[in-house]
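Asker: My questions are about this predicted structure, shown below with the sequence.
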Amino acid sequence: MSLRLTHLKVEQLRRFRQPFELAQLQPGLNLFTAPNEAGKSTLVRAIRAAFFERYRSKSVDDLRPWGDSGATPSVEIGFELDGQAGLLSKSFLGNKARCDLRIGGQTWTGADAEEYLAQMLGFAYAGKGASKSEHWGIPGLLWVEQGSGQELKEAADHAYGHLHQALESHLRDSHASALTATGGDAVLAAVNEQRDQLLTSTGRPRGPYAEAIARVDALRERCQELEDKVLTYQQQVDDLSRLRTEQQRDEADRPWDRLQAQLTQAREALQAAEQADQQLSDARRLLVNFQNQKDLLVQQRNNFAQLERDGVQRQNDAESARTRLQDAQAQLAQAQQQAQQAQGALTVAQTQLRIAEQASQRQQLRRQHELQQQSLDQIQATLLQAKAAEGRLQALRQQVQGASLSAADMQRLRQLEAKAHQADLRMQDLATRIQFQLMPGQAITVCAQGQAQTVAGEGELLLPGATTLTLPGLGELTILPGGEDLSELSLQLHSAQAALRSALQALNVPDLVAAEQRAVQQAQHAQHLQLAEQALVLIAPLGLSALEAQLEQMQAELQRSAQALLRLQGVANGGNVSSEQEPGASTDGPTDEPEEVPSLALAESAYKSAEFAQAQASEALGAAQSLRATASAQAEGAERECSIIQQQLGSADRARQKEDIQAQLESVQSQQEAQRLRVEQLDAQLAQVRPDILAQDVERFERSLAQSRQRQHDRATQITVLEQGLALQGAQGSEEALALSRGELVRAQRRQAELQLRANALELLRSQLEAKRQAALDRLQAPLQQHLQRYLSLLFPGASVAVSDTLVPTELTRRNPSGGQEVGAFEALSFGAREQLSLVSRFAYADLLREAGRPTLIILDDALVHSDAARLALMKRVVFDASQRHQILLFSCHPESWRDMGEAPRELDG
Amino acid sequence: MPRFIHTADWQIGRQYATFPEDDAVPLAQARLAVVERIAQLAQDHQVDAVLVAGDVFDMQTVSERVVRQMFNAMKGYAGPWVLISGNHDAVLAESVWSRIVRLGLVPANVQLALKPEPVHLDAAKLVVLPAPLTQRHTFDDTTAWFNLAETPEGWVRVGLAHGSVQGLLAEDIDSPNPIAQDRATQARLDYLALGDWHGCKQIDARTWYSGTPEPDRFKSNEAGHALLVQVDEHGALPTVTKMLTGCHPWQSLTHRLDVDTDLDELIALLQGLPAQVVLSLTLVGKLDLTGQQRLQAALGELEARARHLNVDGSDLQLAPTDDDIAGLHADGYLAELVCELRDAQAVEGADDAQQRVHREALSILAGLLAQQQGVAA
């Protein structure tokens, strides 16, 4: 069914008080542009009112022009339905309200017309009051009001039934068989509801199912309890039966009587046995007495014998002591002899050792003496050298004496000389000079200051003062030099010369040169002296006197050693040394060595051996002496003891006593034997009777009797208790209760099994239904997806959109700049993008509806005002594409935005 | 010409707790009611005695109230009742018998033969040789003493025992308690009245099991009778008459449903069942939805008449036909699921439990669809 509007006429409607018509509406895109307040929205409202509002509605006051309460707003819409011309005329409010519909030759009026329209376009009317969005159905989805372009969900929800139907018809058309199900959701909801009564969301039992399980558990437990109880009861019945049987048997048998008899018998036997035991004890005591007597007698008899044995023993002891004494004496004699010999050997060895020691000493002394002699010779030689050096030194010292010029003297001399020399030089500079050149052979005398000299030849004279020149042959010339300083200078010169002369005289040198010479000489002497001193020190470092002292000391030592040597010599020669024998001369060394002198080492060793042998012999001697003393004492003791015992043995009572004892012993022995036989007899008797076992018998029988009586008593009590308990329990009816509980358990188990089966079945149904529903949904949405994709590819190339159960876009998946996938929830998109995506969805719905034969008029009031230029350009392609299949009325207050739609925008100027 | 009623296995105090209470209580009551009927019969037939061959009580601890009710039920016959114990109510050290004696509940005309001693019923010149059980399980023949029992010359000798005749009843016996097959002959008995076997059964000319007078299980055959026995004189063969006493016939049926006529047969069979029946019905095979509705209707009708009805349909496949499915107006994936479930529950050799789940799921789904259909319509 295709529907397109052909014209629209309004009158007395809001700002259009006069009739206004939009004629010649085109099948595709129709663009209307107008500034704000120019009536654009009024026209949209008029179309909506014409369809959605009942002509009788009182809630459309807003349609009236402002302030005109008597107006009758009317709308006339011309259209073409499947090629047939149609006209809808609708007037609202007041008496003239009416609705007329004409399609082809058919006409409808009033509510009929409205119902026909609603069915045709897919919307509904409000039961009361103004029409609201929930009534708008398909037009609500395709007619976009100003500013609501981005809102889609609500409109889509209200149109869901139509969309779903369209999708289903699509499936039918495309032979995809009936994949969806009528009432599938209702069945699923019912299954879910029933399942949720039995199972939790995680599949655990709940509600009646959980109760049934709990009941089974509780009943099972109760059954177990009752079974135990019944079992106990039966057990007790059996116990009672057994006890009664036993009790009856015992009452009949009277086992305690038998036990009493046994006890009496046992007690008697025990008494007899105890008597026999007493007798045995007495007999044993007697036997012990006899034994003691016998032991005593035997002891006495033994004492006698012992004394005799002791006598013999003592004699033997004395004898052997004597023998030991003799032996000891012999040993002592031998030891004495050996000790004497050892002493002699020791004396010899001592002598030999002394000789050897003296010889060794002498040798040593002689060597020392020789060394001392050598030292003496050396010292003497040194002393000679030293004396010579001393002599030289003395000579040098004498030389040095008297020519002593110190360095200070030399210095003063040199200064004085220099001073005199300077004064002379100045004098010559200042003095009057006479240069003369005399004829050969001629001389003149010059006399100045009382001194005269003769000059000849050629030269120069200095005149320090008044000088008289005697010119032979010519007379005298006195020259008086001018200048006042000259005399002063002359005085200085004289003074300096006088000082020099005085110094020279003091130092006993003719002049400075001599002095200088003497100084050098003096230095040389000093040097020589030093050398000589050093030489002396080398020879005699400690000085000459020390050397001499050393010499004296050495001579004394030499003398002493010579004396010692001589003394030794005497000893060696004479054997017995005499102190008077002195050596003849100190220088004579000892001469003749005694022949065959043993070496000191050998002598020492021999001495040590002899000393050791002597010590041993001495020790042996001591031992032998002590031995002899001991033996002697022992021998005396033994003799004494022996004589005492012999005295005792010789006593007269002795023999009689011995006989007495023997007689007593024999008597006791026979008595003891008799007693022993009696004991044996009694013992044998008792061994047969076993009183211990008899005592046990008595105890056993006593206990058994007590037990037997106790048992009888206890059993009687037990029987009473059991009887009472059982009577009580019998009245409780445990078996009945058990039978009931078991039955209940069976029923409960049955119920549990039923509920389990039901729960499993519901769970199975739920999962199957959900899976199938989802699969169906996926297939159902396929055509919608196809249409969506058509537009989406224009807007967002490569993007895809997911659609909810209610066919509303939920997620947009598109390529991000980096080439990856980007998923965004619809709600999270920007305002503009949401509007664009909503519009795209609406176009897709329109396509879907058109395919299902539903009319698809699209009205866009000021759409896409939030789109940027680039996006708007893309959307224009989308709109244009949609206008190829649907009539679109697009109202805009931005004419400049829509000039490139291939359709001239029409200006509204109502 | 002594005449007496032989009955046994009253099982007073028996619970039917596996049944719903609505059914269990009347069934328990029925065991008392049947005693009333026996008393009535005894009175009607003017018998010399009523002999009860053991298992009078179902358990030892039966409640006092029930015992009193039982003795009340026996009041209709004032003549002598001779009761012996069976394996359920054996004379133990403490037993139901000692309790009722202690409580003084036993009427004067009721004789508890709890010891193996002859009971002389002088008026009828009838001597009863009882073999009460004194243990839960006896492995000796308690009737052996009958052989040597001295009885007055010319008196009719009747044995009264509880147990299983050796070599005959191999199964369905409560306990060993053996009884020699030819005891009647051996002991020169005119009649041997036996209890323990719940069905009515003749062993030989002189030996009978009367069976329980009111059936209590599905397996017993010929249960629900008492025997009227007449012995003209000592040595004569007894005349035994079966008298119906039971009120609730117990039946256990297994019915196979494969084709439509199978269901027709079953429905006819159910319609033919007596009122007050206790029925255990096991159904196997398969059934379509229409058939299921018919079956439900028939079972509903029976349930109203019967005392108890237990149907086990767990192995009955639900096999909706295409028409069924169309009738449910199931389309799309719902129809698909119906078919899948139908097929899954019918797969041969598949897991039994899983198949039952599929069957149940199918049943629920069909129910929901039918319900929707109802709502839609």
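Answerer: Yep, it's here.

Asker: From here on, just use CA atoms for contacts and neighbour counts.
Answerer: Will do.

Asker: Check which element follows the top helix by length along chain A along the chain.
Answerer: As assigned by DSSP state H, the longest helix anywhere in chain A is helix A:255-400. Once helix A:255-400 ends, the next helix or strand along the chain (criterion: DSSP states H and E) is helix A:407-430.

Asker: In space, not sequence, find me the middle residue of chain A.
Answerer: Centroid-nearest residue in chain A, with CA atoms, centre = their mean: A:T202, separated by 47.9 Å.

Asker: what residues does the stretch 51-200 of chain B put near chain A?
Answerer: Residues of the stretch 51-200 of chain B lying close to chain A by CA under 8 Å from any CA of the partner chain are B:59-64, B:92-96, B:99.

Asker: how far does the longest helix of chain A sit from the chain's center?
Answerer: 70 Å (CA atoms, centre = their mean, to the nearest Å).

Asker: who touches B:V278 in this structure?
Answerer: Neighbour list for B:V278: B:248-251, B:306-309 [criterion: CA atoms under 8 Å, 6 or more residues apart in numbering or on different chains].

Asker: Then A:G147?
Answerer: Counted by CA under 8 Å, 6+ apart, A:G147 has contacts A:862-863.

Asker: Can you point out the buried residues in the strand or helix carrying B:H358?
Answerer: Assigned by DSSP H and E, B:H358 falls within helix B:352-376. For helix B:352-376, the neighbour count (16 or more other CA atoms under 10 Å in any protein chain shown) marks B:355-366, B:368-370, B:372 as buried.

Asker: Of those residues, which pair is most distant in space?
Answerer: Maximum pairwise distance in those, criterion CA to CA, is 25.3 Å, between B:Q355 and B:Q372.

Asker: List the contacts of the residue in the stretch 751-900 of chain A that chain B sits nearest to.
Answerer: Chain B sits closest to A:A761 of the stretch 751-900 of chain A, with a gap of 4.3 Å, by CA to the nearest CA. Residues near A:A761 by CA under 8 Å, 6+ apart: B:357-358, B:360-361, B:364.

Asker: Point out the other helices and strands that the longest helix of chain A packs with.
Answerer: Packing partners of helix A:255-400 (3 or more CA pairs under 8 Å, 6 or more residues apart in numbering or on different chains; DSSP states H and E): helix A:512-539, helix A:544-574, helix A:600-649, helix A:654-689, helix A:691-732.

Asker: returning to that earlier point: Serialize the contacts of A:A761 to a markdown table and add fields for distance to chain A and pLDDT.
Answerer: As requested, the contacts of A:A761 are exported to a markdown table (distance: CA to the nearest CA, whole Å; pLDDT from 0 to 100):
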| residue | distance to chain A | pLDDT |
| --- | --- | --- |
| B:V357 | 5 | 88 |
| B:H358 | 6 | 88 |
| B:E360 | 6 | 87 |
| B:A361 | 4 | 89 |
| B:I364 | 8 | 88 |
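
Asker: closest to B:V110 among the residues you listed?
Answerer: Using CA to CA, the contacts of A:A761 come closest to B:V110 at B:E360, 55.7 Å.

Asker: contacting residues around A:P73?
Answerer: For A:P73, the contacting residues are A:10-14, A:63-64, A:91-93, by CA under 8 Å, 6+ apart.

Asker: Quick check: phi and psi on it?
Answerer: Dihedral pair for A:P73: phi -70, psi 130, per degrees, to the nearest 10.

Asker: Check the gap between it and A:L101 for me.
Answerer: 17 Å (CA to CA, to the nearest Å).

Asker: Then A:L121?
Answerer: Taking CA to CA as the measure, A:L121 falls 14 Å from A:L101.

Asker: likewise B:H248?
Answerer: Distance check for B:H248 against A:L101: by CA to CA, it reads 77 Å.

Asker: quick one: the lowest-mean-pLDDT helix or strand in chain A to chain centroid distance?
Answerer: Lowest mean confidence among the helices and strands of chain A (mean pLDDT, DSSP states H and E): helix A:160-173, at a mean of 72. Chain-centre distance of helix A:160-173: 74 Å, with CA atoms, centre = their mean.

Asker: SS state for A:A71?
Answerer: Secondary structure, DSSP: H, G, I helix; E, B strand; the rest coil: A:A71 is coil.

Asker: Looks like it contacts A:P65 (just checking).
Answerer: Yes. In this structure, A:A71 is within contact of A:P65 by CA atoms under 8 Å, at 7.2 Å.

Asker: about what we covered before: does the residue nearest to the centre of chain A belong to a helix, a strand or coil?
Answerer: coil.

Asker: hmm, back to that, how about a markdown table for the contacts of B:V278, with pLDDT, secondary structure and distance to chain A added?
Answerer: Output for those, formatted as a markdown table (pLDDT from 0 to 100; DSSP: H, G, I helix; E, B strand; the rest coil; distance: CA to the nearest CA, whole Å):
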| residue | pLDDT | secondary structure | distance to chain A |
| --- | --- | --- | --- |
| B:H248 | 92 | coil | 20 |
| B:P249 | 91 | coil | 21 |
| B:W250 | 92 | strand | 18 |
| B:Q251 | 90 | strand | 20 |
| B:A306 | 91 | coil | 19 |
| B:R307 | 91 | coil | 17 |
| B:H308 | 92 | strand | 14 |
| B:L309 | 91 | strand | 14 |
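
Asker: how about the residue nearest to B:A124 when sequence neighbours are not counted, what does it touch?
Answerer: The shortest distance from B:A124 to any residue other than its chain neighbours is 5.4 Å, reached at B:P2 (CA to CA, 6 or more residues apart in numbering or on different chains). For B:P2, the contact set (CA under 8 Å, 6+ apart) comprises B:47-48, B:124-126, B:156, B:230-233.

Asker: cool, and A:P27?
Answerer: A:P27 neighbours (CA under 8 Å, 6+ apart): A:4-5, A:886-888.

Asker: and it, how far is that from A:I888?
Answerer: Taken as CA to CA, the span from A:P27 to A:I888 is 8 Å.

Asker: same check, this time on A:D653
Answerer: In terms of CA to CA, A:D653 sits 179 Å off from A:I888.

Asker: okay, these two: which has more neighbours?
Answerer: Taking neighbours as other CA atoms under 10 Å in any protein chain shown, A:D653 and A:I888 compare with A:I888 leading, 27 against 9.

Asker: Three-state assignment for the more buried one, please.
Answerer: A:I888 carries the three-state label strand when classified by three-state DSSP.

Asker: What parts of the stretch 701-850 of chain A come near chain B?
Answerer: Counting by CA under 8 Å from any CA, the stretch 701-850 of chain A sits next to chain B at A:723, A:726-727, A:729-736, A:739-747, A:757-758, A:760-762, A:764-765, A:768-769, A:772-773, A:776.

Asker: Now the buried members of those residues.
Answerer: Buried among these (16+ other CA under 10 Å): A:723, A:726-727, A:730-731, A:733-736, A:739-747, A:757-758, A:760-762, A:764-765, A:768-769, A:772-773, A:776.
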